[in-house]
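K.L.:
dropping the sequence and predicted coords here.
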Amino acid sequence: MQFIETLSIRTKPRSMLDISSAVQDRLDAFEAGDGLLTAFIRHTSASLAIQENADPDVRADLLDAMDRLAPAGPLYRHSVEGPDDMPAHIKAVLMQTSMAIPVLRGRLALGTWQSLYVVEHRARPHTREVLLHFSGTRAAPPGKAVIAGRD
């Protein structure tokens, strides 16, 4: 079984937004069992990250570190969309635009302190699209096992 769906995510400026619950809701709706979920962000100035979900200082420190690596300003030739645009492209190259996450018994197999985040690199909010592709088994109905190759 497989499904493909696009999540529309409204971001805040320069932020990391936890989308784990929204992704899990989609897995639940499609009755996912065991398999692999690929998440892909369809933008060149935003990223995906799997990161700690307990201490918000981790996310703030990561955003600050990215700003030090690619500061905004008149340093770049590409500035059509403003002084934060080229730094956002650099940050997206340094981070990831796709993630492969195992799914076990219908649940994202993230660690205890991990969540999946959309990382907004721009200085203003955007609506971002995250394409989800699940490939795997369908969840077994209560009291019934799923046999490999059949559901």
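P.N.:
It's in.
K.L.:
now do Gly33, the pLDDT please.
P.N.:
pLDDT, the model's per-residue confidence, is 98 for Gly33.
K.L.:
is it in a helix, a strand, or coil?
P.N.:
Following DSSP: H, G, I helix; E, B strand; the rest coil, we place Gly33 in the strand state.
K.L.:
what's the burial count for it?
P.N.:
19 (other CB atoms under 10 Å). Every residue, glycine included, has its C-beta placed from N, CA and C.
K.L.:
for it, which non-adjacent residue is closest in space?
P.N.:
The shortest distance from Gly33 to any residue other than its chain neighbours is 3.6 Å, reached at Thr137 (CB to CB, 6 or more residues apart in numbering).
K.L.:
how much space separates the one you found from Gly35?
P.N.:
Look at Thr137 and Gly35: by CB to CB, to the nearest Å, they are 6 Å apart.
K.L.:
need the residues touching each of the two.
P.N.:
Met1 (CB atoms under 8 Å, 6 or more residues apart in numbering).
K.L.:
neighbour count for the two, which is higher?
P.N.:
Between Thr137 and Gly35, counted using other CB under 10 Å, Thr137 has the larger neighbour count: 20 against 17.
K.L.:
tell me, which strand in this protein spans the most residues?
P.N.:
strand 127-138 (DSSP state E).
K.L.:
quick one: contacts of it?
P.N.:
Counting by CB under 8 Å, 6+ apart, residues outside strand 127-138 touching it are 1-11, 19, 23, 26-27, 30-43, 46, 48, 103, 118, 120, 146, 148, 151.
K.L.:
would you mark the buried spots in that strand?
P.N.:
Residues of strand 127-138 classed as buried by neighbour count (16 or more other CB atoms under 10 Å): 128, 130, 132, 134, 136-138.
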